[in-house]
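Visitor: Here you go, sequence then predicted model.
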Amino acid sequence: MFYTTDSNNHGLRYNPFKAIVAPRPIAWISTIDKQGRSNLAPYSFFNGMQDDPPIIGFGSGPSKMGIDEPKDSLSNIEETGYFCISIVSEALKNQMNISSGHFPHDQNEYEIAGLTQTKGSTVPAPFVTEAPVSLECKLHDIITLPGTSKWVIGLVTAVHIKDEFIVNGKLDITKYRPIARLGYKDYATITQVYELDRPK
């Protein structure tokens, strides 16, 4: 099949784009507003962009579905300049899904999802205590994209890794099994890894 994206004339029941760009890691983003109120929400247009210094990026739409409010994560980052990202393990998939709801600004997703938070060491934003890995981030830039979304670029200032997931000096993701976003309502769990040597 072939279709052009200006008309989206793919003829399928659902747009396949998100299923094509998959699997995608999930940024479980935690922020605070100027009053110190926490917010937590998952974003799947997310990835690492470089490692020295470590830079991450994620895409955010402008507003909540069904609520006349802007996205709290984006608003809080614009206000404070800081945020944290926690990695979603298989054990936390239900809590992540709960936190994806579009809640009013004055509601705390940590409490709704039954999670606890730990204050960052280098940033004022908290992160998910239960997460296997968390990144503390300082805002580097926000880029307005064609359409309605923005791309948030963050400098990673600190990394938290639970000791039980470090094996022989390496982070063993098969121990906590991160989940990834696919298309539609689909997710995947990483359970196996393998190595490939680059050609010499």
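Guide: Perfect, thanks for sending it.

Visitor: make it CA atoms for all contacts and neighbour counts henceforth
Guide: Fine.

Visitor: Now do the spatially most central residue of the chain against Leu74, distance only.
Guide: Closest to where the C-alpha atoms of the chain average out (CA atoms, centre = their mean) is Ala27, at 1.1 Å. According to CA to CA, to the nearest Å, Ala27 stands 13 Å off from Leu74.

Visitor: Look up phi and psi at Tyr176.
Guide: phi -120, psi -10 (degrees, to the nearest 10).

Visitor: How about it: what's its closest non-neighbour residue?
Guide: Ser89 (5.5 Å; CA to CA, 6 or more residues apart in numbering).

Visitor: Identify the residues contacting that neighbour.
Guide: Ala131, Pro132, Tyr176, Arg177, Pro178, Ile179 (CA atoms under 8 Å, 6 or more residues apart in numbering).

Visitor: any idea how far it is from Gly11?
Guide: 35 Å.

Visitor: Lys185 now?
Guide: Lys185 is 19 Å from Gly11, by CA to CA.

Visitor: Show me which of those two is the more surrounded one.
Guide: Gly11 (10 against 7; other CA atoms under 10 Å).

Visitor: where's the more buried one, which helix or strand?
Guide: Gly11 is part of no helix or strand, with elements assigned from DSSP states H and E.

Visitor: How confident is the prediction for it, by pLDDT?
Guide: On pLDDT, Gly11 comes in at 92.

Visitor: Same check on His105?
Guide: 85.

Visitor: Touching, it and Ser73? I think so.
Guide: No. Taking CA atoms under 8 Å as the definition, His105 is not a contact partner of Ser73, at 10.0 Å.

Visitor: The two: who's more crowded?
Guide: The neighbour comparison of His105 against Ser73 (other CA under 10 Å) goes to Ser73, with 22 against 16.

Visitor: Tell me how far the more buried one lies from Pro23.
Guide: From Ser73 to Pro23 the distance is 23 Å (CA to CA).

Visitor: Backbone torsions only: list them for the residue nearest to the centre of the chain.
Guide: Per degrees, to the nearest 10, the backbone of Ala27 is at phi -90, psi 110.

Visitor: do the same with Gln50
Guide: phi -160, psi 170.
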